[in-house]
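>>> This is a predicted model, with the sequence first.
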Amino acid sequence: MKKKIAIPVKDGILDGHFGHCSHFALLDVMDKAIVTEELVAAPPHEPGLLPPFLADLGVTDVIAGGMGNRAIQIFNQHNVNVFVGAPQLDAKELVKGFLDESLSFTANYCDH
């Protein structure tokens, strides 16, 4: 299984407001192990821009705290899976929990 997982971060921790994060942690995963990790600056906030931006970087999955329904739809149109309601943890911790299925997701707390 090969994946590239994107997490919106601020100071290495999940940024609860997806569309206004300053950076994305991008973690490449192979056979349930993190292979590489990089930090990419987010483009200026513009509705509908982030899904194609991340898809063009090869992202297959996004882990976020909250995200608007329209953004989720656009990600899905780009064949990117979205998981919302993640706790505010370090990006690497989130991915490890996601991979070993110990990460708990709550409700999507973004309502726009």
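It's in. Residues are numbered from 1 along each chain as shown.
>>> Going by contacts, tell me the helices and strands next to the worst-scoring helix or strand of the chain on mean pLDDT.
When each helix and strand of the chain is scored by mean pLDDT, DSSP states H and E, helix 69-77 comes last, with a mean of 93. Taking 3 or more Cβ pairs under 8 Å, 6 or more residues apart in numbering; DSSP states H and E as contact, the helices and strands that helix 69-77 lies on are helix 50-56, strand 81-83. To be clear about C-beta, it is placed using only N, CA and C from the backbone, and glycine gets the same treatment.
>>> Paired strands for the helix or strand just after the longest one, with orientation please.
The helix or strand immediately downstream of helix 50-56 is strand 61-63, counting by DSSP states H and E. The strands beside strand 61-63 in its sheet (DSSP bridges) come out as strand 2-10 (parallel), strand 81-83 (parallel).
>>> Next, the buried residues of the last one.
Yep, that's strand 81-83 we're talking about. Buried residues in strand 81-83, defined by neighbour count with 16 or more other Cβ atoms under 10 Å: 82, 83.
>>> Please report how far residue 19 lies from residue 62.
12 Å (Cβ to Cβ, to the nearest Å).
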